[in-house]
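Asker: Fold the following and give me the result.
(one chain, ligands or ions: 1)
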Amino acid sequence: MEWLGSLTWFTISFLLPLFLWSKLRNRSSKLGRPPGPPGWPVIGNILDLRSQPHRDFHRLQSKYGPLLWLKLGNLNALVIQSAAAAAELFKKHDLAFADRNPPYSMTACDYINGSLAQAPYNEYWRVLRRLSSSELMVQKRINSSVQLRQQCIDKMIHWIKEDASELVEIQLDKYLLIMSFNIVSNFMLTRDVIDFKSQMGNQFYEAMHHFMSWQGKPNLGDAFECMKWLDPQGIKAHTDRYLEQLLNLVSVFVKERIEEKNFPKGNDKRDFLDALLEYEGDGKGSIHKLSEKNINIIILEMFFGGTETTSNTTVWAMAELLRNPDSMTKLKAEIDGVVGPSRAVEEDDLNGLPYLQAVAKETMRLHPALPLLLPRKAREDTKFMGYNIPKDTMVIVNAWAIHRDPESWEDPFSFKPERFLNSNIDLKGQHYQLIPFGSGRRSCVGMLMGDKVVGLTLARLIQSFDWELPANVSPETLDMRDVAGVSLRLFTPLKAVPRERGA
Ligand code: HEM
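Answerer: Purely as a prediction, here's the structure:
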């Protein structure tokens with residue numbers, strides 16, 4: 001009878017999963033879902049994903065085409081991987097897919113209920129979006145803070161000059177991250193938040209750094225209901241801890257401002273925090289004022305949204321320029337020709353520097369800061385390109401894959417800023433083959449500012465220094481592998497040797 005036992009084991013361990021697997025596969029096509037790899041019972045397609053989802057989805061594109069259907073534990077996911085499919089989404093289904101799919105860990109400290117980026121498409125989001133658009137998307141408002149941005153970049157150039165006289169090579173991300181922090185903090189709060197000499201600045205930087213690295217990890221709690229409270233990877237617990245620290249630090253600035261407002265000192269420079277504190281509803285909706293707790297969350301969110309994205313994009317641009325010396329030479333020649341050595345590049349110069357703009361676009365094409373944008377969620381059952389997409393499906397736009405699609409781009413894997421020189425493709429989200437800031441209702445609210453900061457910082461770095469790779473690295477051996485955190489960054493931090501120009 002031993003053979004009977006073996007047969008039973010064979011059935012349980014091999015045939016049963018195969019049977020369930022084929023059932024699941026048939027069910028998916030009967031339900032009218034887009035194509036996708038067959039999933040395993042319970043876990044679905046989780047094993048198809050490794051640590052780099054943007055690359056995993058891209059790999060599956062060659063087999064399944066521009067729309068991909070996946071089951072990730074309990075979650076249905078639709079992945080969009082071509083400019084044509086993205087156009088279909090943003091033009092025809094933007095509203096049906098306008099909710100977000102927030103990670104479970106961000107329920108910590110009630111964050112989601114105060115957030116703009118993770119809010120569902122509701123009245124609260126509309127109020128915040130209108131408010132932040134009028135501060136961040138209006139050219140006049142952005143122009144009024146130009147001096148503050150330029151000062152932050154000046155300080156960074158100064159630090160690099162100081163350090164360059166002592167060190168052979170510097171690690172660029174540290175300087176760029178601190179500068180981006182202070183640009184955002186000056187826009188929000190009219191002050192530098194990070195000064196390495198202050199204890200509070202250090203605490204803020206440390207907590208932010210830890211928070212961001214925990215956010216980069218895929219969480220089992222997002223795929224399985226039962227894992228939420230178990231929190232086996234500790235992601236929720238760590239998010240709780242660092243988010244609480246960060247919110248406490250932000251609350252000090254907010255409280256100070258509330259006190260100042262009660263006892264005005266005649267400082268009439270109005271910033272983003274003032275706009276949040278002064279907000280009053282028009283009486284038609286249910287939101288009349290923003291609570292202090294939510295104001296803390298919104299301020300913190302602007303740091304999340306506007307610091308790593310801009311600093312990492314600039315680091316990627318520098319890495320590409322160091323790897324492509326011809327592009328570096330062209331950019332330097334353009335800046336020297338248009339601005340010259342006697343004064344620093346200013347924001348007003350940016351429009352007259354087309355090669356610089358092309359370098360920034362080409363960098364954002366190859367290394368979009370948020371390769372999957374911020375995932376959305378279907379608000380209702382939707383017919384999308386002939387397929388049935390049920391309510392609550394997570395909708396992911398793989399900008400990283402779209403930016404490498406040979407249907408849209410010639411020689412898509414090469415760094416060629418020249419492709420943008422005689423092209424009308426811009427970054428505003430209307431050319432769906434290039435969407436580093438997203439598109440539609442939920443596109444980046446800091447696009448104008450992010451674009452300016454990347455352009456100006458890059459111009460100043462190139463104008464102020466001649467850059468070289470460290471002695472043991474060549475353009476061919478420079479490590480260009482990426483790693484996804486809150487935003488996409490270089491796996492090996494970029495080190496380079498700055499030599500002050502004209503010194
Ligand atoms: C190079 C710089 C930046 C890049 C590449 C970038 C990219 C993005 C992307 C891809 C999204 C999601 C869009 C979508 O889902 O369609 C986004 C959303 C957002 N970004 Fe940015 N961003 C940058 C700078 C900034 C700055 C400077 C701020 C604010 C100070 C900011 C604040 C936000 C916010 C609040 C959202 C959520 C918008 C919403 O859901 O309504 N970003 N960003």
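Asker: Need phi/psi at the spatially most central residue of the chain.
Answerer: Nearest to the geometric centre of the chain sits residue 370, at 3.5 Å (CA atoms, centre = their mean). Note on residue 370: backbone dihedrals following degrees, to the nearest 10 are phi -110, psi 90.
Asker: surely it meets residue 487?
Answerer: Yes - between residue 370 and residue 487 there is a contact under CB atoms under 8 Å: 5.8 Å. From N, CA and C alone the C-beta is placed, and that goes for glycine too.
Asker: Give the residues shared as contacts by these two.
Answerer: Listed as contacting both residue 370 and residue 487 by CB atoms under 8 Å, 6 or more residues apart in numbering are residue 309.
Asker: How is residue 226 assigned, secondary-structure-wise?
Answerer: helix (DSSP: H, G, I helix; E, B strand; the rest coil).
Asker: Next: the one 3 residues further on.
Answerer: Secondary structure for residue 229, judged by three-state DSSP, is helix.
Asker: Now for the residue of the stretch 51-200 of the chain at minimum distance from the ligand: which residues touch it?
Answerer: The stretch 51-200 of the chain approaches the ligand most closely through residue 117 (3.5 Å), counting by CB to the nearest ligand atom. With contact set as CB under 8 Å, 6+ apart, residue 117 has these partners: 100, 301, 304, 305, 374.
Asker: And the pLDDT at the last one?
Answerer: Which is residue 374. On pLDDT, residue 374 comes in at 96.
Asker: same check, this time on the third one
Answerer: Here, the pLDDT recorded for residue 304 equals 91.
Asker: Check which helices and strands the strand or helix carrying residue 314 sits against.
Answerer: Assigned by DSSP states H and E, residue 314 belongs to helix 308-323. Contacts defined by 3 or more CB pairs under 8 Å, 6 or more residues apart in numbering; DSSP states H and E place helix 308-323 against helix 172-189, helix 325-338, helix 354-366, helix 447-464, strand 465-468, strand 488-490.
Asker: In CSV, list the C-alpha atoms belonging to it.
Answerer: Extracted in CSV, the C-alpha atoms of helix 308-323 (Å, rounded to 0.1, in the frame of the first residue of the first chain):
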residue,chain,number,x,y,z
GLU,A,308,14.7,63.2,-2.1
THR,A,309,13.0,63.6,-5.5
THR,A,310,15.0,66.7,-6.4
SER,A,311,18.3,65.7,-4.9
ASN,A,312,18.3,62.2,-6.3
THR,A,313,17.4,63.6,-9.8
THR,A,314,20.4,65.9,-9.6
VAL,A,315,22.7,63.1,-8.5
TRP,A,316,21.5,61.0,-11.5
ALA,A,317,22.2,63.9,-13.8
MET,A,318,25.7,64.3,-12.5
ALA,A,319,26.4,60.6,-12.8
GLU,A,320,25.2,60.6,-16.4
LEU,A,321,27.4,63.6,-17.2
LEU,A,322,30.4,62.0,-15.6
ARG,A,323,29.7,58.9,-17.7
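Asker: is the ligand contacted by it?
Answerer: Yes - Helix 308-323 comes into contact with the ligand (CB under 6 Å from any ligand atom), by way of 309, 310, 313.
Asker: chain center to that helix, what's the gap?
Answerer: 14 Å (CA atoms, centre = their mean, to the nearest Å).
Asker: Quick one: work out the angle between that helix and helix 325-338.
Answerer: Note on geometry: by axes from the mean of the first three to the mean of the last three CA atoms, to 10 degrees, helix 308-323 and helix 325-338 are set 110 degrees apart in direction.
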